[in-house]
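Colleague: Coordinates for the following, if possible.
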Amino acid sequence: MDIASARATTGIVINSFFAVDLVNLGADAVYYAAASGTSMATPHVSGTVALMLEANPALTPDQVKSALERTATPMPGYQQHEVGAGYLNAYEAVSAVRRPDQSFE
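Modeller: You can find the predicted model right below:
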């Protein structure tokens, strides 16, 4: 699944890496790129972790990981060893760590 995101308009690597995807983005292709994989997932997950830690600064790394996995939406047709816990559910992850009765272990 491609994610459209803002991109820098300079740089050899970014321009050649996204050359094929730019055609699919129309007139805005100069400002956006579409890609899949960890390069696109990382900023979303790290942003969610920042929100989780803002909501509950006492969380340990293991508790963060556990909450992310427990609140992920499973991906139909895939096993956990193929795609991890599933789709990130940022709202549920942050909500889960705000609840004082929640166990993360």
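Colleague: In the sheet, which strands lie alongside the helix or strand where Ala34 lies, parallel or antiparallel?
Modeller: Assigned by DSSP states H and E, Ala34 belongs to strand 32-35. In the sheet, strand 32-35 lines up against strand 3-6 (antiparallel) (DSSP bridges).
Colleague: Report the helix or strand with the lowest average pLDDT across this structure.
Modeller: helix 19-22 (a mean of 48; mean pLDDT, DSSP states H and E).
Colleague: Tell me the helix or strand right after the strand holding Ala34.
Modeller: Tracing the chain C-terminally past strand 32-35 and defining elements by DSSP H and E, one meets helix 38-55 next.
Colleague: Who are the packing partners of that next one?
Modeller: The contact analysis (3 or more CB pairs under 8 Å, 6 or more residues apart in numbering; DSSP states H and E) places helix 38-55 against helix 61-71, helix 90-98. For the C-beta atoms, the positions are set from N, CA and C on the backbone; glycine is no exception.
Colleague: Okay, buried residues for it please.
Modeller: Neighbour counts over helix 38-55 (16 or more other CB atoms under 10 Å) mark Met40, Thr48, Val49, Met52 as buried.
Colleague: Can you pull out the residues in contact with it?
Modeller: Applying CB atoms under 8 Å, 6 or more residues apart in numbering, the external contacts of helix 38-55 come out as Ile3, Ser5, Leu59, Val64, Ala67, Leu68, Leu88, Ala90, Ala93, Val94, Val97, Arg98.
Colleague: PyMOL command for the buried members of those residues?
Modeller: Selection of buried members from the contacts of helix 38-55 for PyMOL, criterion 16+ other CB under 10 Å:
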select buried, resi 59+64+67+68+88+90+93+94+97
